[in-house]
Each structure stands twice: as structure tokens, then as C-alpha cells.
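Enquirer: build the 3D model from these lines:
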Amino acid sequence: MTSVEDDEDEFSPILKRAFAFSYPAEISQGPRPSLPLLPPRASPIAFYDRHIASNLVLKQVIYLPSLVQGISKAGDELIATFLGAGHNLNYPEGFVLHEWDDCPVPFDDAHSVNSYYSRRIANVCIMFGSIFHFHPDCQSWSTLLSIRKTTNDGKPRFLGESWLKVRDKILEEDLQFSDDSETEFLDGVGQGTTDKVRDIGRRYPRFATWEMFAMTDVGISLVKNATPTTTDFSWEFSRTLGSRTVSYSPVPPDTIVASQFIPALKTKRSRAPTKVVVTDCKKQPVTKTSASIRPSNAGTSLKQRGLYRPEPRYYLQHAWAKAVVHDSTFIMLHCGRYERIGIRHRASQTLYLSGLIDTVNNRNPRYRKLQVALCSSIIQDLLERYELATAPMKTGGSKRPAANEPLDVRIPKRRKAASPDCTVSEQPPAHYGSYDKITKALGRKMLGLVSLRYGPYCSPTPASFIRIGSSCAPSLQPKPPRIRKLKAKYQTHEYFTLMLGPPLGDGATGIVHPAALEIQVKYDTGMISTLRRNDLVVKLAFEEEQKTRMQHEFTVYAHLAKKNVTGVPIVHHGLFNDPDSGTLALLMDNVGQNLREREEERTGEQFPKQVSTTKEERRAFVAVMKSIHKAGIKHMDIRADNLVIHPESGKVAIIDFDRAKFPAENMGFYDVEMECLKDLLHGRFTPDSYW
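Expert: This is a model prediction of the structure:
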């Protein structure tokens, strides 16, 4: 095979310019004096990472030093095939490689490492990958793909992320490009290819993920030592004892593209035809629960629970969980100076990790050339998975399961209310199944076991959420049950369970989930009844700023409850904490659908600027606001998302008090907020004009 960099090949000058780059030897870490980057104090394992279905978690990590060589060889073969098919890159506009200075300013955190990689490496590789796989004859240096990275919020970060995706503009149905060259580019690509890429982007929002570490001693050590001494991987679940769930979630198929780099899998494939294994989705998860439950923090001190030492396994679990959620195959660990490439094998629940890649001294092949080959392999794997997901199965006309929807996609704030559904498994007297009875029983429980069951989530072990704030339910006022000391063990009638469904929405305070409640009530006669409700919501807060705002919001709700204010979420069942992840949870009734969402359904307009209401609704909202103001609270965030109406009862409510101000700090001026509310209800709302 002729080298793709043969001096006599007219294609070689472009390739040489594109590939002839490795990181400069002068790269260094230099934190900002005013914002020093400290070693991470907490595990990167998120709340959701602990709730991946048991048959989807990582079970073993295998070191595969030949992986880099295999990817490089595949890249050479792709370019040779590209040239052999008569394609070339001698485009009329000429190849322009926008190079910056070879000696970057010192990296001060993960964001700067991420930005340098995106600017100097990823953008070039994505362009070639887009050309090779989607528009080889388009005669343009434009691309259908893009690299996205976590937002730089100005705070020094030890860990960041990048991911490969379809460009946002391509995902839009009505493409409005201001640049004529872009319009010409898409015309050259063709409608069929554009539609296919758009469908791919919607099914797979992330093709692959890069975990980007700050180039500190700790970050370098984590990348260098990512390969364990044993293949068995210890996945960290919630530490609640006494309940275990075995899942039968569907496992997406692996591809031949990924398997070609793994000798053990290539051997198996040569012995027998590759079969796509789809788990029986009808087989329900099996949960075994003991007579008593031990909360995850029982018997350990706060000091012991807070200990954390950065270890590669925590970051591997977090990266693997991301790959499961987005059904991606390739996982990269990168710290500026060093990198490892990982391949996720779904069927065996194995992560294959490459040898250590030195971005500075890696001269054969050049680092950027390797990254072009990597990008190409990622796209090839994606295309095969897309074909498997969309091609009819041999046994019938149905399609293979598509990728799971990702969790962290920005979802508009959404609060559709479910009908109250209180059921009783046994037959106690009627009043024991009443709404108030369930509310009072729930208000007395110190422990809630929370599980997730949707998409790739099927909690192997429930999270222990421990009450840290009393219920604000009107039926428990003015003296709600006191918060008691946590016990070492809880019987089944001493705790409640919540099953969370797909997120309804997210906001500044956290992510909102619908929740199904199951609670046992023990009567004086000794009889135990199981009561259920399906009309609750749980708001989860993860970041410190989110948790501070949630605690403030809960304090406001408690104040409003004491003042007997109606028209706010009717029941706030309390504030809870998960000691494993530090997540806070606010448990409340689902009080309705917000006005913005209702207007979207009425008009079909996305994010309508104004909403419409009836005369009765306007009167009801004004009455609620007067009641809130009378209690001395100013909401400070009046907008359509925070005004809700129950679709069945028609009752109105004002929600989300995380920005509200108390009497001592709001200095009055209630008239301005009331004017804002009335303008919104009458369809003449002008944002940012009332404060």
C-alpha cells in the first residue's frame, strides 16, 4: 500500500500540514495566583452514576497497548481508500489551517486544557472526519460536526468534558445560515445526507466523550495510572444495605468497527458469525429486600464519610456512566501532556484502555494524525450503530432499539401534573387511605429509599435520603413532627420508597423528576397497609450553589406554611439529603402545568413570548400573590414557567421560591412585582423591566 504521505502524491502537502503537529514541549501548568487550582476534594461520581442498571455497569478494565497502533493503521487504510476512490482535497478555495502560536500560555485548569485541544486538534480532525464519511465530493472545508465542551464559568476546574456531535445548525429543521458559503456547502452535501446526519444527531447527541483533566501532578497521575493491576472493576453503588435489584435492561449491540482493534474479540468473530444480542425487555427487574434496611451512613462518622483520595477508578466510573447514557463507544482521558483511548465493549461490560499517549514526544505517528484516525473510527462506529438501530430485523419489520435519551440534555422546565392516584394494597378503613393520612404518615418518616427506573437507569441499590427538613404540609402545622436521630436499622413500615421517572425539567436549582410513592402504615391493631401515590415530584440539587438555593427555597416554603399561605405547592413533604453523593432533595406535590408550556401546546409556538389566561385564572393568581406579599415574601422570579395550573382541578399556584426575599431584606416594593404579574397574565410582559 502506498504511503498516504508519499512526496510525489499531490495530496501529501495538505496531509503533511494537517498532520504535522504535536503538543509543544514547552506546555506547562500555571494556575492563576488569585484562583489556585486545588486537588479535587470530592469524587467525580455523580448521583446518577450510581444508578446505572446492573447489566450496564463496568465490570472489568483491560490494558490494550496495541490499541493506538490499530487505530493508526485504520486511519491509513481509510485515507488510502479515499484516494483510491478518486477523491482528493485540491479544493478551489485552498486549504487554510489557522495555526496559533506553538507555545500556549500555561494551562491554569481543565478548561484551558480543553480549549487548547479543541482549537489545535479537534477542529482539524472533525473537518477531515466529516469529509471522509459524509461529503467526500463536496469540495469544501466545512463540516457537519462540531466539538462541544463544558462551559467555562470562570471558576478553576480540575475536570471538564468535550464531546463530538452534529452541529446545532444541522439539527434545526429550518436552516437559516447567514453565510452564503454555508448554504452552498449544504447544497453540495445534498438533502439526503443532511437528513441522515440530522437523524443521527438526534439519536446520538454525543458520539464520544473526552474527560479533560487539569495538567497538575494529580491530573497527570490519574491518566498515567488509569490501568489497574487487576481486571475486575469495583463499581460504586449507593451504600444502602438490605435492598438489591438485578436489572434486565436492553444492552445495545457492539460494532465490528470497535471490535477490530481488540484481538480477543477479533478471534471470537472469526470463529462464528457476529450476532446482535438484544436483552428481553419484557423481563422485569428483580428486587430483593430484607426485613430491615441499613441507611448508607449508619455507623460511620461524618469525618469518615467525607474522606476522599483521587483514584482513577472514580473517574473511569464517571466516564463509563456517561458513555452508557449516550450509548457511545469511545472514552478518552486527556490531561494536556498525556492521553489514553478507551473502547467500551457493551456485551462483556469491559473497558479496553490503550497505552499511554505522549502528546509531546509522540512523533510516529504525529499526534494530530492519530487524532484524525481516532475521529474517523468514532464516526465509523457511530454509522454502524445507526444502521443497526434503524435497519429492520430479520424476524420482522420492527427496528432495533435506538440509543437511550441522554440525561443532561437541556430540557425546558416542564411540570405536567398527574392525577392523584392513592391506592391501598389491603383494605383498612376508608379514612386510612385518604390524602391527609398519607401526607401525615410521610411527614413522620426519617428515611426515604430513592430508586431510578428509566432508560439506562435501574438502581441496583436505592439511595438513602435522610430527612433534614420537616414537612410543610398544612395538615402537620403548626407543629410538624420533629427530626429524630437516625437509627442503624429501619423496618419496612419505618421508611418510604420513591421511584423516579425521566426528568420533567431542569433549572437553576436542580433537576425535577416525577415520583411514585409507596409507604407502609402500621396501625394500632398491628395491621400494616401499603399506600401509594403517583402525583409527587422530587427536585434534586447537586452543585453547592444549587443546594444553597434549595435550602433557601425550603426555608421560604416553611415560612409560607406557618403563615397559612395558599396557592403555593400545597404539600412540601420535606428536605432530604443523600449522604453518598451529597445530593439534596425537595419532595412535593405536582401542582400543575406551567403557563409557558400550556401556551406551547395551544399555539405550537416554541418558547412563546406571551401567554393567555382567563379572567378567573387572573383573579386567582393575583389573590395568591397578595397572600404571598401579606406574608412578607417577595418572589423575585415572576415568569410563565413559575405560574402553574392543575389541568383537572383548575387550581393555580406560584412555584420556585429559590430567589425569594424575606421581610428583613426585601424592603417592600410589592407593587412592582404585582404589576409584573398582571402584565404577564394580560399578555404584555416585558422581561427585565420590573426590577
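
Enquirer: show me the shaky parts of this protein.
Expert: Along the chain, the model assigns pLDDT under 70 to residues 1-12, 94-104, 173-180, 267-282, 298-307, 362-365, 392-433, 570-571, 666-668, 689-691.

Enquirer: next SSE after the longest strand anywhere in the chain?
Expert: Identified as the longest strand of the chain according to DSSP state E is strand 528-541. Going down the chain from strand 528-541, the next helix or strand is helix 544-562, by DSSP states H and E.

Enquirer: okay, buried residues for that next one please.
Expert: Along helix 544-562, the positions that meet the burial threshold by neighbour count (16 or more other C-beta atoms under 10 Å) are 546-547, 549-554, 556-561. Quick note: C-beta positions are derived from backbone N, CA and C, even for glycine.

Enquirer: same question, stretch 182-193
Expert: For stretch 182-193, the neighbour count (16+ other C-beta under 10 Å) marks Phe185, Leu186, Val189, Thr193 as buried.

Enquirer: tabulate the buried residues of helix 544-562 in JSON lines, adding columns for distance to Leu447.
Expert: Formatted as JSON lines, those follow (distance: C-beta to C-beta, whole Å):
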{"residue": "Gln546", "distance to Leu447": "23"}
{"residue": "Lys547", "distance to Leu447": "20"}
{"residue": "Arg549", "distance to Leu447": "25"}
{"residue": "Met550", "distance to Leu447": "19"}
{"residue": "Gln551", "distance to Leu447": "20"}
{"residue": "His552", "distance to Leu447": "24"}
{"residue": "Glu553", "distance to Leu447": "22"}
{"residue": "Phe554", "distance to Leu447": "18"}
{"residue": "Val556", "distance to Leu447": "25"}
{"residue": "Tyr557", "distance to Leu447": "21"}
{"residue": "Ala558", "distance to Leu447": "21"}
{"residue": "His559", "distance to Leu447": "26"}
{"residue": "Leu560", "distance to Leu447": "26"}
{"residue": "Ala561", "distance to Leu447": "22"}
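
Enquirer: does the residue nearest to Phe554 when sequence neighbours are not counted belong to a helix, a strand or coil?
Expert: On the basis of C-beta to C-beta, 6 or more residues apart in numbering, the spatially nearest residue to Phe554 that is not a chain neighbour turns out to be Leu575, at 4.6 Å. The assignment at Leu575 comes out as strand when based on DSSP: H, G, I helix; E, B strand; the rest coil.

Enquirer: what number of residues lie near Leu575?
Expert: By the measure other C-beta atoms under 10 Å, the count of residues near Leu575 is 26.

Enquirer: pull the distance from the longest strand of the chain to the chain's centre.
Expert: Between the centre of strand 528-541 and the centre of its host chain there is 23 Å, according to C-alpha atoms, centre = their mean, to the nearest Å.

Enquirer: ok, now stretch 334-345?
Expert: Centroid separation between stretch 334-345 and its chain, computed with C-alpha atoms, centre = their mean, is 21 Å.

Enquirer: what's around Pro481, how many residues?
Expert: Around Pro481 sit 15 other residues, with neighbours defined as other C-beta under 10 Å.

Enquirer: again but with Ser292, I slipped
Expert: Neighbouring residues of Ser292 were enumerated by other C-beta under 10 Å; the total is 15.

Enquirer: helix, strand or coil for it?
Expert: Under three-state DSSP, Ser292 falls in the strand class.

Enquirer: find the nearest non-adjacent residue to it, please.
Expert: Nearest non-adjacent residue to Ser292, counting by C-beta to C-beta, 6+ apart: Lys489, 4.4 Å away.

Enquirer: try Leu476
Expert: Residue nearest to Leu476 in three dimensions, not counting chain neighbours: Gly443, with 4.8 Å by C-beta to C-beta, 6+ apart.

Enquirer: ok so, going back, neighbouring strands - and their directions - for the longest strand of the chain?
Expert: Strands flanking strand 528-541 in the sheet, each with its direction: strand 423-424 (antiparallel), strand 511-522 (antiparallel), strand 584-589 (antiparallel) (DSSP bridges).

Enquirer: how many residues are close by Lys347?
Expert: Actually, residue 347 is Ala. It isn't Lys. Ala347: 14 surrounding residues under other C-beta under 10 Å.

Enquirer: quick one: it and Ala258 touch, right?
Expert: No: using C-beta atoms under 8 Å, Ala347 is not in contact with Ala258, being 11.0 Å away.

Enquirer: residues in contact with Val105?
Expert: Applying C-beta atoms under 8 Å, 6 or more residues apart in numbering to Val105 gives the contacts Gly30, Ser112.

Enquirer: confirm that it sits in a helix.
Expert: No: note on Val105: no helix contains this position according to three-state DSSP, which reports coil.

Enquirer: what helix or strand does Lys479 sit in?
Expert: Taking DSSP H and E as the definition, one finds Lys479 inside no helix or strand.

Enquirer: from Phe496, how far out is it?
Expert: Distance from Lys479 to Phe496, counting by C-beta to C-beta, to the nearest Å: 21 Å.

Enquirer: now swap in Met332 and tell me
Expert: Applying C-beta to C-beta, the value for Met332 to Phe496 is 42 Å.

Enquirer: what's the answer for Thr194, then?
Expert: Computed as C-beta to C-beta, the Thr194 to Phe496 distance reads 50 Å.

Enquirer: ok, now Val672?
Expert: Separation of Val672 from Phe496 (C-beta to C-beta) stands at 42 Å.

Enquirer: show me which of the two is the more surrounded one.
Expert: Remark: of Val672 and Phe496, Phe496 carries more neighbours, 24 against 12, as counted by other C-beta under 10 Å.

Enquirer: distance of the more buried one from Arg50?
Expert: When distance is defined by C-beta to C-beta, Phe496 is 20 Å away from Arg50.

Enquirer: look up phi and psi at the closest residue to Lys609 other than its chain neighbours.
Expert: If you skip the residues right next to it in sequence, Lys609 has Phe685 as its closest partner in space, 7.6 Å away by C-beta to C-beta, 6+ apart. Note on Phe685: backbone dihedrals following degrees, to the nearest 10 are phi -70, psi 130.

Enquirer: against Glu675, how distant is Phe685?
Expert: Phe685 is 11 Å from Glu675, where distance means C-beta to C-beta.

Enquirer: looking at the two, which is more packed in?
Expert: Using other C-beta under 10 Å, the more surrounded residue of Phe685 and Glu675 is Phe685, with 19 against 13.

Enquirer: so what's Gly510 up against?
Expert: For Gly510, the residues meeting the contact criterion (C-beta under 8 Å, 6+ apart) are Lys539, Leu540, Ala541, Phe542, Gln546, Met550, Leu584.

Enquirer: I'd like to know which of the residues you listed is nearest to Gly160.
Expert: Out of the contacts of Gly510, the one with the shortest distance to Gly160 is Phe542. That distance is 16.3 Å, counting by C-beta to C-beta.

Enquirer: check the burial of that closest one by counting its neighbours.
Expert: Other residues near Phe542 come to 18 when the count uses other C-beta under 10 Å.

Enquirer: contact partners for the closest residue to it other than its chain neighbours?
Expert: Distances taken as C-beta to C-beta, 6+ apart place Thr583 nearest to Phe542, at 5.7 Å, with adjacent residues excluded. When the contact criterion is C-beta under 8 Å, 6+ apart, the partners of Thr583 are Phe47, Ala463, Leu540, Ala541, Phe542, Asn577.

Enquirer: for those, give me CSV that also has distance to Thr240.
Expert: Rendered in CSV, the data for these read as follows (distance: C-beta to C-beta, whole Å):
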residue, distance to Thr240
Phe47, 13
Ala463, 7
Leu540, 17
Ala541, 20
Phe542, 19
Asn577, 14
